[in-house]
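S.K.: here is my input; please provide its structure:
(3 chains)
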Amino acid sequence: MSAEQAENFGEFEATALANDDEALLIQVDGFEGPLDLLLTLARNQKVDIAKISILKLAEQYLEFVESAKKLNLELAADYLVMAAWLAYLKSRLILPQEKGPDGEPTADEMATRLRWRLQRLDAMRAMSTRLMGRERLDRDVFGRGDPEPVNVVKLRTYKDTMYDLLTAYATDRARKLGGKAYRPQMAPVLAIEEARERLERMLGKISDWSALTTLLPFEWTGGNRRRSAMASTLLAALEMARDGKVQLQQASPFAEIYVRDGQRGQDIPSEASAPGA
Amino acid sequence: MSSVAKMISEIENQMDAETEDKQGEVANPEHLRMVEALLFAASEPLDQKALSTSLPEGADVAGVLKALEAVYEKRGVNLCCVAGKYQFRTASDLAFLLRKEQPEQKRLSKAAIETLAIISYHQPVTRAEIEDIRGVAMSKGTIDILMEIGWIKIRGRKRTPGRPVTYGTTEAFLVQFGLESIGHLPGLDELKAAGFLEAIPPSGFDVPNPSDELGADEDPYDPNEPEMATGSANLDEA
Amino acid sequence: MSSVAKMISEIENQMDAETEDKQGEVANPEHLRMVEALLFAASEPLDQKALSTSLPEGADVAGVLKALEAVYEKRGVNLCCVAGKYQFRTASDLAFLLRKEQPEQKRLSKAAIETLAIISYHQPVTRAEIEDIRGVAMSKGTIDILMEIGWIKIRGRKRTPGRPVTYGTTEAFLVQFGLESIGHLPGLDELKAAGFLEAIPPSGFDVPNPSDELGADEDPYDPNEPEMATGSANLDEA
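M.R.: Residues are numbered from 1 along each chain as shown, chains lettered A, B, ... in the order given. Below you'll find the predicted structure:
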C-alpha cells in the first residue's frame, strides 16, 4: 500500500449494514460502491478525470483490494467484480492494441467508457450538491406563517315543495281533530245490539207489515255499510221474533222480509198489498 | 403614468407625509424588508419587542411599522395592529374572495314543515294558536328556523291580553312554493280532490282562507313596542 | 425624497417598465389587490387557473402576476413561481432572520441525496439506470425514504423487457426546492452539453431532457399491474 493510500484509507473500517438489503455484506466504510471508490482514487491523481490514466487507476484499485484482503476485510461482491474487470482491462491495456474476441470493444474504448462513467458520477455528485444547496422552503425561505383559510359558506336551499306543505297541513290537522289518544279505526259494522235497540224503539211506531229495508238506519248507506246494517238488523229481528216480540215473513228466497209488531193480529198480508216490494 | 404606478405613487405620497411627521426620521428600507418578512412568516401576531430582538440594534421598529402600515394601507394585504401586536391580514373588503360558497340541499324537519303549513293557512296566527292547532307545545327552534330561512315573519300583534305577536308568511315563502299569493293556497275541496284529505273529513275540520291583510283583531307590528310577558300560551284559552 | 419613498419610487419605475412592455396594457389595480390577497391568504401555491376563477371574468391574471412580481421583487417578501404556481415567500437573503433552529427532521443519507439528484435530472429513470450511474446496487430503503418525503413518485413503466417502473419527481419537490419546473433544474444545460443525460446506456445522438411527459419508451404507471421480477443491475454489463 502506498503512503498516499495509507493516508486516505488506512483508517477504513468494515461496517455491517443492519436492517438493510445488504445486511450480509461488508461495506468499506465511507465508500458508496466500487465506482465511488474509483472516483476517489481518480481524484487523488489530481488530474482532470477526462484525462485520467485508467491503467494507473486500475492498478490503484487492485492494490486497494489487496490491502483490504490483508486486513482480513471481506469486500462486498461488487467490489470484487469490479476488481476482476479492472484486472482484465489492465492486462489488455498493457498488451498492444487489438480487437477483443467477438467484436468486443478495444481496451481504449473500455477505458474511455469507464472514464465517462466516472465523469458522469462526478457531475451528478456536483448536481446533487447544487440541488441541496438551493434555498429550501421552510428552511431558508418561508411561506405565510398564518394563512387565512377559505371560509366555506353553505348555501342552503330547501327541497320542500307545495306537496310537502299540503301533506303536512292535512296530516297535522287530521291528527289534531282525531284527538291525541289512539283510536283504532272501526270497521263499518252495525252492532247487533245496536240494531236490536233501534228495532225495539221503532216497534210502537211502525205500521203493520213493514219491509225490513225501510227500517235500516238512514246513515248506513252504501256498499259494505248497508250490507252490515241489513245483516245486523235481520239478526236482531230474528232474535226478537224468537222472543215473540215481532213477527217476520218472507214470500220466497231473497224476497223482501216483512216485520210487524208481535202484539198485532195474525193476518198475513197478501203479496199484492205488501208495501214497497 | 400607468394606473398601477399612480397607485404606488399615492402610497409614496402617504409615505412622505408619514416620514415628515417624524421630522426627518426615515425608516431604514432594509429594516422595512426585515419586518415585512418577519411578520409574513410569523404564525402569530408579533409585538414591537419581539420584532426588535430580530432587528439590528437601535432599529426604529415603531417607525418601520408606521411606514409599513402606510405602504400596505391600500393594498390587498394590510398591516393590522391588534392588542399591540402586528400581523398582515388580507384587506377586509376582499374577504369575499376567501369565501367559497357551497350549495347544500336540505329538508325541513317534520315539526317545522307542519308549523309552516299552519302559519300559512291560519295567518295571522299566534304561537299559542299554532300550539293549539298542532296539539303540541312548540320548541323555540322551530319558529327560529323558519324566520332564519325567511319564510315567515312577525306581522302584527293580536288584540288579546298579552298582545302576542302574530306570524305570517313572506314573499320568499310564496316564491319557494310557487304561489301567486297566499289566497291561492288550495281550499278544503281542492285538498280533498287532490287526495290530501279523507273524503269525509272529521267533523269540525275547516280550512281557513288565509290573507295578507291585517286581521280584525290584529295590530301592525311595531318592533319598538316593549315586549310584554309572553308566557307560553294557555292551551285552554284558545 | 425619503429613502423609503425612493425605494418605492424605484419599484414604480420597474412597474412602468413592466407595463410598457405590455404595450399600454395596464394591470388593473383592483385585480392586483385581489391576487395579492389571494396569494397572501393561501398556504399553498396557486396556479393561474385557480386565481382566475376568483377574479372577475376577463381579468389579465398573467399580467397582474407579472406586475406583482415586479412590485415585490426587492421587498422582504417575494412572489415566486414554483411548479408553475405562484406563492409569496420571504426573500432568500433574509433567511438568517427566520431560520428556525429546528434540527432537520430527517437528514438524508448521501445515497438518498444522490439518488434524488439522479432521479430529478434523468427522469423518467428506472432503478437499474440509477444503479448504473451510481455503480452500486441500491438499498430498497433509499427509494422508500424519498417516496415517503413525497419528493419522488412512480410515474410509468419502461417499454423494455421486465417493464421496470420509472421514477420521477413530484410537485412537492419543485415547491420544496423553489423550482418553476423540471426544466429549471440548476446546471441542466451543462449536463446536457456534456452528454451526461444521454439515454443509459448511451444509445446515439438523441439527448433527452428530463421531462414530466411520458417518455417515448414509457407507459403510464398502472398500480394494479402485477409486479415483475426486477433484479438489480448487472455491473459487469456496463
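
S.K.: from here on, contacts and neighbour counts on C-alpha atoms
M.R.: Noted.

S.K.: within range of chain B, give me the residues from the stretch 101-250 of chain A.
M.R.: Residues of the stretch 101-250 of chain A lying close to chain B by Cα under 8 Å from any Cα of the partner chain are A:142-146, A:148-162, A:164-174, A:176-178, A:180.

S.K.: buried members of those residues into PyMOL, please.
M.R.: To isolate in PyMOL the members of those that are buried, counting by 16 or more other Cα atoms under 10 Å in any protein chain shown, one can use:
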select buried, chain A and resi 142+143+144+145+146+148+150+160+162+164+165+166+167+168+169+170+172+173+174+176+177
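
S.K.: can you map out the strands along the chain?
M.R.: Here I'm looking at chain A. Here chain A has its strands, by DSSP state E, at A:14-16, A:26-28, A:151-158, A:210-211, A:246-250, A:257-261.

S.K.: right idea, wrong chain: chain B
M.R.: Listed in chain order, the strands found in chain B under DSSP E are B:46-47, B:77-82, B:85-90, B:99-106, B:125-126, B:152-158, B:165-169, B:218-220.

S.K.: any idea which of the ones you listed is most buried?
M.R.: Of the strands of chain B, the one with the most neighbours on average (mean count of other Cα atoms under 10 Å in any protein chain shown) is strand B:165-169, at a mean of 25.

S.K.: what packs against that one?
M.R.: Under the contact criterion of 3 or more Cα pairs under 8 Å, 6 or more residues apart in numbering or on different chains; DSSP states H and E, strand B:165-169 touches helix B:110-122, strand B:125-126, helix B:127-134, strand B:152-158.

S.K.: give me the contacts around stretch A:57-69.
M.R.: Stretch A:57-69 has contacts (Cα atoms under 8 Å, 6 or more residues apart in numbering or on different chains) with A:1, A:5, A:37-38, A:41-42, A:74-75, A:80, A:83, A:86-87, A:89-90.

S.K.: okay, buried residues for that stretch please.
M.R.: Of all the residues in stretch A:57-69, those buried under the rule 16+ other Cα under 10 Å are A:57, A:58, A:60, A:61, A:62, A:63, A:64, A:65, A:67, A:68.

S.K.: in helices, which of those residues appear?
M.R.: A:57, A:58, A:60, A:61, A:62, A:63, A:64, A:65, A:67, A:68 (DSSP state H).

S.K.: in TSV, list those along with distance to residue B:66 and pLDDT.
M.R.: Below are these laid out as TSV (distance: Cα to Cα, whole Å; pLDDT from 0 to 100):
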residue	distance to residue B:66	pLDDT
A:57	67	92
A:58	70	93
A:60	68	92
A:61	68	92
A:62	71	93
A:63	71	91
A:64	68	88
A:65	70	88
A:67	71	84
A:68	70	82
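
S.K.: how near is the nearest residue to residue A:250 once chain neighbours are set aside to residue A:247?
M.R.: Among residues not flanking residue A:250 along the chain, residue A:257 sits closest, at 4.8 Å (Cα to Cα, 6 or more residues apart in numbering or on different chains). Distance, residue A:257 to residue A:247, using Cα to Cα, to the nearest Å: 10 Å.

S.K.: on that earlier part again, the helices and strands packed on strand B:165-169: which one's closest to residue C:220?
M.R.: Of all those, helix B:110-122 sits nearest to residue C:220, with 53.0 Å by Cα to Cα.
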